[in-house]
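Colleague: Build me a model:
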Amino acid sequence: MNTLSALNITPSPPRMCRVAIYIRVSTLQQVDKDSLPMQRKDLIAYSKLILNTDDYVIFEDAGYSGKNTIRPRYQDMMDQIRTGAFTHLLVWKIDRISRNLLDFAQMYQELKELNVTFVSKNEQFNTSTAMGEAMLKIILVFAELERNMTSERVTATMISRANTGKWNGGRVPYGYKYDPEEEDFLIVANESNTVKLIHDKYEELQSLVYLARYMNEHGYRTRSGNEWSPSSLAIILKSWWYCGCYEYNKRKAGNRQKLKDKSEWIMIEDHHIAIISYDQKERVLAILKGNKRYATDHNLYVKGIHVHVFGGLCWCRNCGKKMTSTSSNKNRSWQYSKYLCSTRRRSLTKCRGRSTSDPVLGEFIFNYILNMLNAQKGFDSIHSPADLQAALLTGDAFSDIKSIDQEELNDLYNILSSSVVGNIYGRSFNVNKAKKNDEVQSSLTILKAEKKKLDRALDRLTNLYLYDDMAISEKDYMTKKTEIETKIAEIDEKIGIVNKNSVDNSITDEEFVDKASTFIITQKLTNRNYISYKRLATSVDPKILYMFTHDVIDYIDIYNGKVQRIVFRNGLSQTFIR
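Modeller: Got it, this is the predicted structure:
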C-alpha cells in the first residue's frame, strides 16, 4: 500500500508549468522584418520541447527601448506574474527584458520571491540550475559596478554644479525661500527678522539653553511650528549661509559628524543676499567655541571623572519628566552634581520645578535609610505608627516634613512588627514572585527571538544590497533598513521595560537590608544618629555611593527641588507630606 494512502493523506498536485513568453524589439523596422516572428517561433519551440508545456502566453512590446521598463505589455506581464499566473518567464536574450542591469536585477529578485523561474534561451540562462544562478551573480557584479559608477558620476556632477554656485537641493535654510525659475534665494521677511534676533540675543545671553527659553517664552516658533531647541538654534548660529556664503562638500558621506579635508570644501561668497554680517558671525562663533571648550571639559566629568551619585534616579513631579545630571562649578573641596528638569531648561512656562543637588538629596536619602535601619534595630521601643514616624523623621534633613503617607507608614510598621528576622522594606511586594518571574522570562524569550529575527533580516538586506543577487536602489535600501532598525529599537525598548519591571531587576527584603547594612557597617556609621553627606561624599569613592543608591533605590520623585517620594528596589515606597 502507498505510504500516503495508508496515512490517509492526499498528496498535493504538482505545480503545473505555465510560461510567460516576452519578446521585444526597439524599432518599427525590426517589427516589419523577421525579428519578432523569429523570437516568437524560437521561444514557442523552446517552451514545447525543453520546458515540456503548451501552456504559454506571449507578451509583445514592439518599438520600445530596453533602457527602462516603462512598456505596456511588460507591465501587464509582471502584474499577472504577481498574481501567480505563471511559473516561468522565458525570453530570447536577457537584453530583451532590459538593457539596464539594475532594472533587471530588481525584476529578478521579485521573480525569485514569487518562485518564478527565469529562462534566457540564447544564453542558456536558467535560474533553476546552479550554472544559471552563478551566471546571474556574475551579471549582478556588473550591476553593482554600474551602480557605483553612477554614484560617482552623480557626485562629480553635484560638485561641479556647486562650484558654479548652483543649488543641489535639500532643505532651504530658515529665513529664505528658493525661486526655481531664477535659481536664486529670496529672503522671507518675518523669518529673517527672527534670524537677526537669534544672533543678537545669543551675543547677549551667551547660552543656547537660555536663548531657547527666551525664544519659546516670547512666542517664537520654527518654520514647522515647533518650539526652538538649543540644537536647532545652534544650526543657525554656526552656519555661514546667513552671511551669503554657500558651503558644500564639507562633511563625509555616511558620517555627517566628520569633516572632510579643507581642500575639498566648496565655499562661494556673495552667493545670495546676506542677513548677518561676517563680523557678527565671527563674534557668535567665538562664543560658541568658548562654550564648547567648557562643555568638552564638562563632559569628561559626566563620562568618566565625575560620578553623578543620583543620576538617572530623579523625576520632576512638576511636569513628569526625567531630570538630567550636570556638574557644579569646580570647587577645591567638593564638586557635586546638580539635577535639573529637562523641560524647564527649554521653557519656564512649561515647568516651574526647581533643580536639586547632591547636598540636598544626599542628606535626605542617606539619613532616611539610616533612620529606617535604626528603627528596625530599636523596634522594641516603637509601639505605634506614630512612634515609627517620629523615629524616621529624626534629624535636620526632615525638619520641613509634616508626616509620611499614612498607608505607606502602616505598611512599614506592620513589616517591622512581624517577628520574622530580616523581612523588612516591602515584604508583601514579593507575593507570587516565582509565577511573575516565569511570565517575565516568557515575555523576554519572545521579544529576544523577534529581535534576533530582525537582526538576521537586517544582515540579509545589507548582504543583498552589497554582494548578493538583488540590485536594489540606495533609496529603497535605506528605507527598508530604517524600517527594520525602527522595529529593533521598539523591541529593545520593550525588553528594557520588561527588565525594569521584572522580579529579576528587583531585590528581596533580605538583599536590601544586607546591602544597606553592609554599606553602613563598611563606612563605620552604624552607631551614628545622623550622617553629614558632604563629609561622607568627600571621604568615600563616589562610585561606591553610586552603586549603593542604584542598588537599593528604584526612583526618586522631586517636587519643587525637594524629595517628595522614594521608591525602593524591593517595592517599598515612602511619600513625604510638607
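
Colleague: Next, the contact list for residue 61, please.
Modeller: If you count contacts by Cβ atoms under 8 Å, 6 or more residues apart in numbering, residue 61 has them with 22-24, 71-74. (C-beta placed from N, C-alpha, C; glycine too.)

Colleague: Let's see that with 6 Å instead.
Modeller: Applying Cβ atoms under 6 Å, 6 or more residues apart in numbering, we find residue 61 in contact with 24, 71, 73-74.

Colleague: Kindly reformat those residues as TSV and extend each row with neighbour count and distance to residue 308.
Modeller: As requested, the contacts of residue 61 are arranged in TSV below (neighbours: other Cβ atoms under 10 Å; distance: Cβ to Cβ, whole Å):
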residue	neighbour count	distance to residue 308
24	26	69
71	22	65
73	16	68
74	22	63
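
Colleague: Turn those into a markdown table, including pLDDT and secondary structure.
Modeller: Formatted as a markdown table, these follow (pLDDT from 0 to 100; DSSP: H, G, I helix; E, B strand; the rest coil):
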| residue | pLDDT | secondary structure |
| --- | --- | --- |
| 24 | 85 | strand |
| 71 | 87 | coil |
| 73 | 90 | helix |
| 74 | 91 | helix |
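
Colleague: name the element the residue most central in space within the chain belongs to?
Modeller: The geometric centre of the chain, computed from its C-alpha atoms, lies nearest to residue 489 (Cα atoms, centre = their mean), at 6.0 Å. Using DSSP states H and E, the secondary-structure element containing residue 489 is helix 474-501.

Colleague: Residue 192 now?
Modeller: In the assignment (DSSP H and E), residue 192 maps to helix 189-205.

Colleague: mean confidence for that helix?
Modeller: The average of the pLDDT scores along helix 189-205 is 92.

Colleague: same thing with stretch 266-274?
Modeller: If you average the pLDDT values across stretch 266-274, you get 87.

Colleague: Can you list the neighbours in contact with that stretch?
Modeller: Residues external to stretch 266-274 that are found in contact with it (Cβ under 6 Å, 6+ apart): 162-163, 165, 185, 187, 243-249.

Colleague: For it, which residues meet the burial criterion?
Modeller: Taking 16 or more other Cβ atoms under 10 Å as the neighbour-count basis, stretch 266-274 is seen to contain the buried residues 268, 271-272, 274.

Colleague: now for these, which pair is the farthest apart?
Modeller: By the measure Cβ to Cβ, 268 and 274 form the most distant pair in the buried residues of stretch 266-274, at 12.7 Å.

Colleague: ok so, going back, what's the mean pLDDT across the helix holding residue 489?
Modeller: Averaging pLDDT residue by residue across helix 474-501 gives 68.

Colleague: Same list, the contacts of stretch 266-274, but as a markdown table with secondary structure please.
Modeller: Rendered in a markdown table, the data for the contacts of stretch 266-274 read as follows (DSSP: H, G, I helix; E, B strand; the rest coil):
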| residue | secondary structure |
| --- | --- |
| 162 | helix |
| 163 | helix |
| 165 | coil |
| 185 | strand |
| 187 | strand |
| 243 | helix |
| 244 | coil |
| 245 | coil |
| 246 | strand |
| 247 | strand |
| 248 | strand |
| 249 | coil |
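
Colleague: can you redo these as a markdown table with neighbour count and distance to residue 231?
Modeller: Output for the contacts of stretch 266-274, formatted as a markdown table (neighbours: other Cβ under 10 Å; distance: Cβ to Cβ, whole Å):
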| residue | neighbour count | distance to residue 231 |
| --- | --- | --- |
| 162 | 18 | 26 |
| 163 | 12 | 30 |
| 165 | 15 | 29 |
| 185 | 20 | 24 |
| 187 | 15 | 24 |
| 243 | 19 | 21 |
| 244 | 18 | 24 |
| 245 | 17 | 22 |
| 246 | 19 | 23 |
| 247 | 15 | 19 |
| 248 | 19 | 22 |
| 249 | 17 | 23 |
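
Colleague: For residue 310, state which of these is nearest.
Modeller: residue 247 (43.1 Å).

Colleague: bridging residues for the closest one?
Modeller: Following DSSP bridges, residue 247 is listed with bridge partners residue 267.

Colleague: do you know how far it is from residue 239?
Modeller: 8 Å (Cβ to Cβ, to the nearest Å).

Colleague: swap in residue 245?
Modeller: With distances taken as Cβ to Cβ, residue 245 is found 9 Å from residue 239.

Colleague: Kindly report the same for residue 547.
Modeller: For residue 547, the distance to residue 239 under the criterion Cβ to Cβ works out to 44 Å.

Colleague: Mind pulling the model confidence for the closest residue to residue 405 other than its chain neighbours?
Modeller: The shortest distance from residue 405 to any residue that is not its chain neighbour, by Cβ to Cβ, 6 or more residues apart in numbering, is 3.9 Å, and that residue is residue 575. According to the model's per-residue confidence, residue 575 sits at a pLDDT of 92.

Colleague: before we move on, what SS does residue 575 have?
Modeller: Judged by three-state DSSP, the three-state class of residue 575 is strand.

Colleague: so the helix or strand just after the helix holding residue 192 versus helix 189-205, what angle?
Modeller: Beyond helix 189-205 in the direction of the C-terminus, DSSP H and E gives the next helix or strand as helix 208-217. Angle of helix 208-217 versus helix 189-205, following axes from the mean of the first three to the mean of the last three Cα atoms, to 10 degrees, is 140 degrees.

Colleague: and the next element down the chain from helix 208-217?
Modeller: Remark: after helix 208-217, the chain's next helix or strand is helix 230-238, criterion DSSP H and E.

Colleague: If you count contacts, what does that next one end up packed against?
Modeller: Judged by 3 or more Cβ pairs under 6 Å, 6 or more residues apart in numbering; DSSP states H and E, helix 230-238 is in contact with helix 208-217.

Colleague: now with 7 Å?
Modeller: helix 189-205, helix 208-217, helix 278-300 (3 or more Cβ pairs under 7 Å, 6 or more residues apart in numbering; DSSP states H and E).

Colleague: C-alpha coordinates for the first one, CSV please?
Modeller: This points to helix 189-205. These are the backbone C-alpha positions of helix 189-205, laid out as CSV (Å, rounded to 0.1, in the frame of the first residue of the first chain):
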residue,chain,number,x,y,z
ALA,A,189,10.9,88.9,5.9
ASN,A,190,9.5,87.5,9.2
GLU,A,191,12.0,84.6,9.3
SER,A,192,14.9,86.8,8.6
ASN,A,193,14.0,89.1,11.5
THR,A,194,14.0,86.0,13.7
VAL,A,195,17.4,85.1,12.4
LYS,A,196,18.7,88.5,13.4
LEU,A,197,17.1,88.2,16.8
ILE,A,198,18.7,84.8,17.4
HIS,A,199,22.2,86.2,16.7
ASP,A,200,21.7,89.4,18.7
LYS,A,201,20.2,87.6,21.7
TYR,A,202,22.9,84.9,21.7
GLU,A,203,25.5,87.6,22.0
GLU,A,204,23.6,89.0,24.9
LEU,A,205,22.8,85.7,26.7
